[in-house]
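In: Sharing a model that was predicted from the sequence below.
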Amino acid sequence: MTTDTSERGLERLICTALTGHPCDPPKPGEKMYERPANYGFGWIGGRPDDYDREYCIDLGQLSTFLRETQPEAAEALNLRHDGPTRHKFLARLQGEVTKRGTIDVLRHGIKHGPHHLDLFYGTPSAGNVKARERYSANRFSVTRQLRYSRDETQLALDLGLFINGLPVATFELKNSLTKQTVADAVQQYQRDRDPREKLFEFGRCVGHFAVDEHEVRFCTHLKGKASWFLPFNLGWNDGAGNPPNPNGLKTDYLWKLILTRDGLTNILENYAQIVETKDEKTGKKKAVQIWPRFHQLDVVRKLLADAGQQGAGKRYLIQHSAGSGKSNSIAWLAHQLIGQSKDDAVVFDSIIIITDRRILDQQIKTTIKQFAQVGSTVGHAEHSGNLRKFLAEGKKIIISTVQKFPHILDEIGSEHRGRRFAIIIDEAHSSQGGRTSAKMSLSLSEAGAKPDDEEELEDTINRLIEAKKLLPNASYFAFTATPKNKTLEIFGEPDPQPDGTV
C-alpha cells in the first residue's frame, strides 16, 4: 500500500496518527469529529474557525478546557459570550504570553482578577489518581490549514498544534511529488511568514517545523531571512538525514515518537525553555528560546532510562561533538537525574559535574533556574572546603573543577559511602589546553599520585577512575567529542565471544 505524500496527504497522515481521523475541514453546519478516547495518540481535531487571530488562541479548546477543569472561573470569565469580560481575559492571557512566553504560561498559569488559572496539568506522580485525571483533561489539538493572518490575505499554515488552546508549534509540509523539499519549507518560513504576525512573535510557539518525507528541520525564532533552522533528524550511517523506514515515511518518528501527549509534555517540562544569554565580547544580553535537537533528546532519555533501571555503579560514555549542544545536554541530564527514582527511593542523592568551562557552569545554573531555586539546588565547589560542605549538606547539584576530581573520588568513596552519586564529566580536553593538565598534575602530586607530565586531561581522568576502580556508590557519565581507545576500554561493556573470550 502506497502512502499519499502530497502536502494534503501529509496533513491527513499526521492528523490521523495524532487523532485517529484525518481532520478534514467540516462542511458548513457539520461538527468537527473528535477522536474516540482509545484511538490515535490522544490529540483532538481543531476547527479552523475556532482560531482567534487577534489573540492567537483556539477559543473553542481553551473554553472547553477551562469549563471542564475550573468551571467556576470559566463561568466568571463568561467565555461563551463575545463581550468585554471575555475580551479582557483574552487580552490578559495574550499579554502574559508576550511577556513570559508560552512555556512559562503553561507551566505556571496566570493570575486574572481574583482567579488563578491553570492552563496545563503536568505529568502526574506515580499513584496520584487525582493528578492523573487532571493530566488527562489537557486538550492537545491539531488544526489543518490554520488561517493566521490578521489582514485580508488570510494566509494559512499547513498545521498548527495547540495545548489547551495555546499555540505551541506550526508546520510547513512539502513533498517530492511537486519537486519541493524541506528546503522549500524553510524558504517559505523565511520569505512568506511575516515575523510581525502575533503567531510568530518570539516565545509564542516553541517551534516552527519544516517537514517533508525525508527530513525535519525546526526554528524557535522566526526572523525573516535570518530565521535559523536546525536539523531534527535521526541520523543515518554516522551522518545526516534519516534511515529508510520499511513501515512508512522516514520522518514519521516526529509524530509517532516526539508529538505524543507524553512525549511533548516531557519536552515542555524538562527541555524547552527561554534563557538569557550574554555576548562575551559586547556584553549585550538577549533572550533565546531552546528546543532540543533529536540527538540531545535521544541521548538524555536513554541515559535517564538506563540509570533509573540500573541504579548507581555504572559507566556511560557519550560522544557529543563540539557545537552540537553538549552544554545543554549535560544541563538537562543533571536536572533530571535529581528526580530519578526506583522502588520509591531516589537513585542519586547528589549530582557532581566536573568541568573547567565557565560557560557550562552558567548554563547549568540557567537551566536549573527554570525548574528550581538555584541557591538551594546548585553549589559551585571551587575549593575543597566548599566541596566538603556541599557534600555534607546534601546539595543536589555540585559543580566542581577537574583539579578537585581526585578529592571528590576520595570523599564519596570514604566519608559518603552510604550515599549515591552521579558524576558527569565534561571532557573538553581539546579546548582546555595544557594549563588544565598542569593544574591537575599539581593536584595529583599533592594527593600523592604520580601523573605523567605529558598526559592530557582525558588520560588523567581515565587513570584516576581506573586506579580507584568503580566506586559502587557512583555512576560516571563522560561527555567527550573524540574518545581515545583507552577511554572506550574503560567505559565500554565486556563483549562475550562464542569461544568464551571477552
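Out: Sure, I can see it.

In: CA only for contacts and neighbour counts going forward, please
Out: Noted.

In: and residue 345, backbone torsions?
Out: phi -130, psi 150 (degrees, to the nearest 10).

In: ah, wrong one, I meant residue 230
Out: Taking degrees, to the nearest 10 as the convention, residue 230 sits at phi -110, psi 150.

In: ok, it touching residue 218?
Out: Yes. Proximity of residue 230 to residue 218 meets the contact threshold set by CA atoms under 8 Å, at 5.4 Å.

In: The two: which has the busier surroundings?
Out: Remark: of residue 230 and residue 218, residue 218 carries more neighbours, 23 against 13, as counted by other CA atoms under 10 Å.

In: beta partners for that one?
Out: residue 209, residue 230 (DSSP bridges).

In: could you say what helices and strands the helix or strand harbouring residue 286 packs with?
Out: Assigned by DSSP states H and E, residue 286 belongs to strand 285-290. Packed against strand 285-290 by the contact rule (3 or more CA pairs under 8 Å, 6 or more residues apart in numbering; DSSP states H and E) you find strand 273-278.

In: gap between whatever helix or strand residue 475 lives in and the chain center?
Out: Per DSSP H and E: residue 475 is located in strand 474-480. Computed by CA atoms, centre = their mean, to the nearest Å, the chain-centroid distance of strand 474-480 equals 20 Å.

In: now the closest residue in space to residue 274 that isn't next to it in sequence: how far from residue 20?
Out: The shortest distance from residue 274 to any non-neighbouring residue, by CA to CA, 6 or more residues apart in numbering, is to residue 289 (4.2 Å). Noted for residue 289: a distance of 31 Å to residue 20, by CA to CA, to the nearest Å.

In: Likewise for residue 352?
Out: 45 Å.

In: Find the centremost residue of the protein, please.
Out: By CA atoms, centre = their mean, the mean C-alpha position of the chain lies nearest to residue 271, the distance being 2.6 Å.

In: ok, now which ones touch the residue lying closest to residue 147 once chain neighbours are set aside?
Out: Excluding the flanking residues, the one nearest residue 147 by CA to CA, 6+ apart is residue 156, at 4.0 Å. Applying CA atoms under 8 Å, 6 or more residues apart in numbering, we find residue 156 in contact with 145-149.

In: Then residue 291?
Out: Contacts of residue 291 (CA under 8 Å, 6+ apart): 206-207, 220, 271-273.

In: Residue 331: neighbouring residues, count only.
Out: 24.

In: Tell me if I'm right that it and residue 363 touch.
Out: Yes. Counting by CA under 8 Å, residue 331 does reach residue 363; the two are 6.8 Å apart.

In: Looking at residue 324 now. What's its pLDDT?
Out: What the model reports for residue 324 is a pLDDT of 75.

In: Repeat that for residue 301.
Out: Value listed for residue 301 in the pLDDT field: 97.

In: Check residue 151 too.
Out: On pLDDT, residue 151 comes in at 81.

In: what's the distance between it and residue 53?
Out: Taking CA to CA, one finds residue 151 at 10 Å from residue 53.

In: of those two, who's got more company?
Out: For residue 151 against residue 53, the residue with the higher neighbour count under other CA under 10 Å is residue 53, and the figures read 20 against 9.

In: What distance do you get for the closest residue in space to residue 111 that isn't next to it in sequence to residue 52?
Out: Spatial nearest neighbour of residue 111, excluding adjacent residues (CA to CA, 6+ apart): residue 117 at 6.2 Å. Distance, residue 117 to residue 52, by CA to CA: 20 Å.

In: swap in residue 459?
Out: On the measure of CA to CA, residue 459 and residue 52 end up 59 Å apart.

In: Residue 103 contacts residue 206, correct?
Out: Yes. Using CA under 8 Å, residue 103 is in contact with residue 206, at 7.3 Å.

In: Give me the common contacts of these two.
Out: Contacts common to residue 103 and residue 206, judged by CA under 8 Å, 6+ apart, are residue 272.

In: With neighbour numbers in mind, choose between the two.
Out: residue 206 (25 against 22).

In: OK, contacts around that one?
Out: Going by CA under 8 Å, 6+ apart, the list of residues near residue 206 reads 102-103, 168-169, 220, 272, 289-291.

In: same check, this time on residue 327
Out: 360, 363-364.

In: What does the pLDDT read for it?
Out: 84.

In: Off-centre distance for the one helix or strand it maps to?
Out: Taking DSSP H and E as the definition, residue 327 sits inside helix 326-338. The chain centre lies 10 Å from the centre of helix 326-338; the measure is CA atoms, centre = their mean.

In: and the gap between the residue nearest to residue 111 and residue 194?
Out: With CA to CA as the criterion, residue 117 and residue 194 are 31 Å apart.

In: In this structure, what helix or strand scores lowest on average pLDDT?
Out: Among the helical and strand segments of the chain, the one scoring lowest on mean pLDDT, DSSP states H and E is helix 429-446, with a mean of 42.

In: Next, residue 147: phi, psi?
Out: According to degrees, to the nearest 10, residue 147 has phi -80, psi 110.

In: where's residue 307, which helix or strand?
Out: helix 294-310.

In: Contacts for that helix, please.
Out: 232-234, 314, 316, 318, 325-326, 329, 332-333, 336-337, 340-342, 347.

In: Make a PyMOL selection of the buried ones in these.
Out: To isolate in PyMOL the members of these that are buried, counting by 16 or more other CA atoms under 10 Å, one can use:
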select buried, resi 232+233+234+314+316+318+326+329+332+333+336+337+340+347
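
In: show me where pLDDT drops low in the protein?
Out: 1-5, 26-40, 322-323, 357, 372-375, 428-458, 460, 464-470, 494-502 (pLDDT under 70).

In: same thing but at 50, please
Out: 1, 36-38, 429-451, 453-454, 502 (pLDDT under 50).

In: domain parsing for it?
Out: If you go by automatic domain parsing, the domain ranges for the chain are 7-52+140-262, 292-491.

In: Now render those as a markdown table, adding distance to residue 132.
Out: Formatted as a markdown table, the domains of the chain follow (distance: least, CA to CA, whole Å):
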| stretch | distance to residue 132 |
| --- | --- |
| domain 7-52+140-262 | 12 |
| domain 292-491 | 18 |
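
In: ok, back up a step: now the helix holding residue 327 and helix 294-310, what's the angle there?
Out: Counting by axes from the mean of the first three to the mean of the last three CA atoms, to 10 degrees, helix 326-338 lies at 30 degrees to helix 294-310.

In: following helix 326-338, which helix or strand comes up?
Out: Next along from helix 326-338, by DSSP H and E: strand 341-342.

In: Partner strands of the helix or strand just after that following strand and their direction?
Out: For strand 341-342, the following helix or strand on the C-terminal side (DSSP H and E) is strand 345-346. Here strand 345-346 is paired, per DSSP bridges, with strand 341-342 (antiparallel).
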